[in-house]
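Trainee: Provided below for reference: sequence and predicted model.
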Amino acid sequence: MAIGRPIKLTPNLSRKMISVTATAGQTSFTVTGGYRINELAVFRNGVRLSQGNDFTATDGSTVTLLSGANLDDNIEFQVFDSFNLADAITSGAADQVISGNLTVSGTFTGGSVAIQSGGTGIGVATAINFIGAGDTVIESSSGVIDVKIGGEFDSVLVGSAVTINSTGVDAGAGIISATTFQGSGANLTNLSGTAIASGTVAAARVATLNQNTTGTAGGLSGTPNITVGFVTATGTLTYEDVTNVDSVGIVTARGGLEIGAAGVGGTISAVGNTLLSGISTFVGFSTFKNDVYVAGVTTSGSYVGRHSDVPKSGKTGAHVLVATDAGQCISITTGGVTVNNSVFAAGDVVSIYNDSGSSQTITQGTGVTLRKAGSSTTGNLTLQERGMITIWFKLASEAIVSGNLS
């Protein structure tokens, strides 16, 4: 073991010279073997440079010129080293510090040993005794020493709160922290839900839930009876398994109501517009405050109230009846009207008004029969001036015409 700081950089000499040839503009140089900071001289073409003004050397390995060298400049480094007893151990000194490991091949003997716990000195001991037949000190192959305590001690007190004995660990008012706990947990008692600050408790460990809970309720199964005062859903509330909904109060659907998947059977909008795709049956008296539009057939034993108006459809020239004319009054002034086959269905009605001072011809198209009501006359018919007729279709190919005919 060397005493003090030995000479290492200049092979048992107080100094050595290292010479290198610079390239054009070179500023950084590596000193072979290194140097001690502030114990280095640098020369450029024989001229000694000033540290801090001409160069820097701060890491014990490299030297940096503050201005680049010229091509083939001779840069010399004079490395100084010395034998220093400042770091040696002296027998008569008081407290001393050794930085690094201390290896003793023989016996380490001292009057007393200072003991620390967690970096804090807890006292000075002259001996360490382990009392009891079951107390052992075991050194493992990794160099770790395990101390096993047994024998005449019934319990161990850690601090002032935790006691370890043969029956278990009693934390009292303290806290036990661990990354994992093993075991079934079957003997856990007096577990307070308010004491669980965070985390998840498995459903199998919760026998009775008797307090307010928050979060998601995933995996509910079985047939529990759940009584709910109010349910508020900011998103979509879906009931896949509900057969009947029985409400003793008012059911409010603020955004509307859909019947069937995605409203395939019908919808009721938030403002009361109702669209029903199937057959609607009203057993009692029904009142509709606004218009009712029926795309198909409406059947009723009787109607009470004012019937629908017959809208006017004015024409300025010759007109051929189309299916959308059913239920309307066609007003003409010239050109007449033509009725073709298979345009209308049985039961359709069209009214025609001659809003002129001359007669107009009602032409019977190919394949259709126009029959004058109250007679056997068929074919083209003449509508008198300012006259009005009604065409009722017995079949798609036959219609009865009544009104002001010549």
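Mentor: It's in.

Trainee: backbone phi and psi for N273, please?
Mentor: Main-chain torsions, N273, degrees, to the nearest 10: phi -70, psi 130.

Trainee: any weak-confidence spans in the stretch 201-350 of the chain?
Mentor: Per-residue confidence for the stretch 201-350 of the chain (pLDDT under 70) gives these ranges: 201-231, 233-243, 284, 289, 295-297, 299-308.

Trainee: revised request: answer the last question for the stretch 1-150 of the chain.
Mentor: When residues are selected by pLDDT under 70, those of the stretch 1-150 of the chain lie in 1-14, 82-94, 108, 110-119, 121-150.

Trainee: domain map for the chain?
Mentor: 15-80, 250-300, 312-403 (automatic domain parsing).

Trainee: and those, which is most packed in?
Mentor: domain 312-403 (a mean of 16; mean count of other CB atoms under 10 Å). For the C-beta atoms, the positions are set from N, CA and C on the backbone; glycine is no exception.

Trainee: determine how far the last residue of it lies from the first.
Mentor: Across domain 312-403, the straight-line distance between its terminal residues is 17 Å, by CA to CA, to the nearest Å.

Trainee: kindly report the same for stretch 327-341.
Mentor: Using CA to CA, one end of stretch 327-341 lies 18 Å from the other.

Trainee: residues contacting that stretch, please?
Mentor: Stretch 327-341 has contacts (CB atoms under 8 Å, 6 or more residues apart in numbering) with 310-321, 348-356, 360-368, 370, 383, 391, 396-397, 399.

Trainee: coming back round to it: I'd like the domains of the chain written out as a markdown table, with distance to N244 added.
Mentor: Output for those, formatted as a markdown table (distance: least, CB to CB, whole Å):
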| stretch | distance to N244 |
| --- | --- |
| domain 15-80 | 85 |
| domain 250-300 | 13 |
| domain 312-403 | 41 |
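
Trainee: quick one: which of those is nearest S166?
Mentor: When the domains of the chain are ranked by proximity to S166, the top entry is domain 15-80, at 60.3 Å, counting by CB to CB.

Trainee: start to end distance for that closest one?
Mentor: Between the start and the finish of domain 15-80 there is a gap of 4 Å, counting by CA to CA.

Trainee: any idea which of the domains of the chain gets closest to N101?
Mentor: With CB to CB, the closest approach to N101 among the domains of the chain belongs to domain 15-80: 22.5 Å.
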